[in-house]
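Asker: Fold the stuff below for me.
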Amino acid sequence: MWEDTSLEGDINFYTLNYYLADGDAEVKEVRAINNGKDNFPVFIKKGKLPKVPILTHYPGMSLKKEEYYKPEDLICGQTITIYSRKCLIYNCDASTKRWY
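Answerer: Numbers count the residues shown, from 1 in each chain. Next comes the predicted model:
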């Protein structure tokens, strides 16, 4: 969940899929029918999810080492930062609860 506090902001809900096999993650927006938003649910495509992204004009030209989210960082009730958006993890499915 991300609470957009801008002038016309809203509470936005996302699904975070984390793949244990390779450490990749993807974030998809949960859409309601006829909510006035475009129907493109993918917020972040599948790949490594950086804790603090390194944004440069030329990709790959930074000497800094990026840290990526791991399973121990993704805990229900905790807030994570996804590209400067504070997102609250408030629920998970049954198999994820058993795994933790």
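Asker: Run a quick neighbour tally on the nearest residue to Lys48 once chain neighbours are set aside.
Answerer: Counting by Cβ to Cβ, 6 or more residues apart in numbering, the nearest residue to Lys48 once its immediate chain neighbours are dropped is Tyr68, at 4.5 Å. All C-beta spots, glycine's among them, are computed from the backbone N, C-alpha and C. Residues lying near Tyr68 (other Cβ atoms under 10 Å) number 13.
Asker: Ok, Leu7 next?
Answerer: Using other Cβ under 10 Å, the number of residues around Leu7 comes to 5.
Asker: same question, Asp10
Answerer: Neighbours of Asp10 (other Cβ under 10 Å): 12.
Asker: Ala21 versus the residue nearest to it when sequence neighbours are not counted, what's the distance?
Answerer: Excluding its sequence neighbours, the residue lying closest to Asp10 (Cβ to Cβ, 6+ apart) is Asp4, at 5.6 Å. Using Cβ to Cβ, to the nearest Å, we find Asp4 at a distance of 32 Å from Ala21.
Asker: The two: which is more packed in?
Answerer: The residue with more neighbours, out of Asp4 and Ala21, is Asp4; 11 against 5, by other Cβ under 10 Å.
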